[in-house]
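> A structural model of the following input is requested.
(2 chains)
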Number of protein chains: 2
Amino acid sequence: MGRPSAKERKPYNIDALVDIAVRVFLRRGYDGASLDQVAAAAGIAKASIYYHVAGKEALLKLGVGRALAALFAVLDEPEARAGGALARLRHVVRRTVEITVARRPEVALLLRVRGNTETERWVLEQRRRFDRLIAAIVAEAQASGDLRRDIDAALATRLLFGMLNSLTEWYRPEGGMGAGEIADAAIKIAFEGLH
Amino acid sequence: MGRPSAKERKPYNIDALVDIAVRVFLRRGYDGASLDQVAAAAGIAKASIYYHVAGKEALLKLGVGRALAALFAVLDEPEARAGGALARLRHVVRRTVEITVARRPEVALLLRVRGNTETERWVLEQRRRFDRLIAAIVAEAQASGDLRRDIDAALATRLLFGMLNSLTEWYRPEGGMGAGEIADAAIKIAFEGLH
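Numbering: from 1, shown residues only, chains lettered A, B, ... in the order given. Purely as a prediction, here's the structure:
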């Protein structure tokens, strides 16, 4: 009943709290993680979390929302809106690698969402919407003769983005490889092949 | 203290129990899942689980072990042991797709292991061992001039298997696509490119 501690008077800013929540969700799995664990990792009282957000779902939405906002923003960039479908696709591939490297935890969390809660189902719908937009560019590039047509556009999109998404599993910034080198390699493999 | 029920006298066979445990681990995340949830999903008493295994870790090892055994067995197949490195790599790629389709839950679980427990760390070590064996084939194919050398072998391996591993996230048997079609597409993209 005494005066609140400095910590409680001046809680974490929301961005730092989301950073920590994303890490805890990744380490424990979203379902397995608790607000108690997020509070412990942040070094604040659980009540302080409620000062910022309604609960665990809201933290997930804020964390995954960073990745979704960055990925959808790519589709509004000039290089993704004008020009041939192949050039636009290459741009989206390169920017997806850059965003995945820059926002690895958030993108990893985005890809691990399972759909057990309302927020998770909303996330899955956003992922499907993004996939459809990319598949449309792939289909356009196939129709214009820029990409081979003997692979279904949706299948090609899934394999291509599966390759890019795998970065969330193995990329380590301390490995010394930059987003540029990985993007170059991914573009070479995807469009020219390893052969 | 009465006679054990029929269920308890004749518990699930271990294979069926592992099937169910793998599904529960995938749905809830391994960390988040409990033996109580596995028992509930199996419709047996938790005590019956201990009739078969020491606990959750043992169920994880048995489930993931199916995927690991199948994947390592590929490397012992004649087509993966004799012939040029490129042909061996193509064989491994095709068989990896087949195994991922046939054992999707187990491979998905294998890829989601995080390393919080001793068994999980053992699994990660097996994954690294598999990756090294594949990267050695890629490097051999580069050295023999069968694969382009302007992409680091380890990076190429990660991107290639990232593409294949993504099947665990999006493949649905009811989609009508077979392992053969997916393997063909993956081999075309990986070796010839989309262009």
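> just the helices in chain A please.
A:6-9, A:14-28, A:35-42, A:46-52, A:56-74, A:78-81, A:85-102, A:104-112, A:118-143, A:153-165, A:167-170, A:179-187 (DSSP state H).
> Ok, which of those comes nearest chain B?
Nearest to chain B, of all the helices of chain A, is helix A:153-165, at 2.3 Å by Cβ to the nearest Cβ. (Each C-beta comes from the backbone N, C-alpha and C, glycine too.)
> re earlier: just the helices of chain A: most buried one?
For these, the largest average neighbour count (mean count of other Cβ atoms under 10 Å in any protein chain shown) is found in helix A:153-165, namely a mean of 23.
> mind giving me the domain split of chain A?
A:6-53, A:64-192 (automatic domain parsing).
> Quick check: which of the ones you listed is nearest to B:Gly29?
Nearest to B:Gly29, of all these, is domain A:6-53, at 2.5 Å by Cβ to Cβ.
> what about that closest one, distance to the chain center?
20 Å (Cα atoms, centre = their mean, to the nearest Å).
> List the residues that contact the closest residue to A:Thr119 other than its chain neighbours.
Excluding the flanking residues, the one nearest A:Thr119 by Cβ to Cβ, 6 or more residues apart in numbering or on different chains is A:Glu57, at 4.4 Å. Residues in contact with A:Glu57 (Cβ atoms under 8 Å, 6 or more residues apart in numbering or on different chains) are A:Thr117, A:Glu118, A:Thr119.
> ok, now which ones touch the residue lying closest to A:Thr96 once chain neighbours are set aside?
Distances taken as Cβ to Cβ, 6+ apart place A:Leu164 nearest to A:Thr96, at 5.2 Å, with adjacent residues excluded. Contact analysis of A:Leu164 by Cβ under 8 Å, 6+ apart lists A:Val93, A:Thr96, A:Val97, A:Thr100, A:Ala186, B:Gly162.
> what about the residue most central in space within chain A, distance to B:Leu124?
Centroid-nearest residue in chain A: A:Val107, 2.3 Å away (criterion: Cα atoms, centre = their mean). When distance is defined by Cβ to Cβ, to the nearest Å, A:Val107 is 21 Å away from B:Leu124.
> just for chain A, where's the confidence low?
Within chain A, the ranges that satisfy pLDDT under 70 run A:1-12.
> Let's see that with 90 instead.
A:1-13, A:27-32, A:51, A:112-116, A:172-177, A:194-195 (pLDDT under 90).
> circling back: let me have the contacts of A:Glu57 in JSON lines, extended by distance to A:Val138.
What follows is the contacts of A:Glu57, written out as JSON lines (distance: Cβ to Cβ, whole Å):
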{"residue": "A:Thr117", "distance to A:Val138": "31"}
{"residue": "A:Glu118", "distance to A:Val138": "31"}
{"residue": "A:Thr119", "distance to A:Val138": "29"}
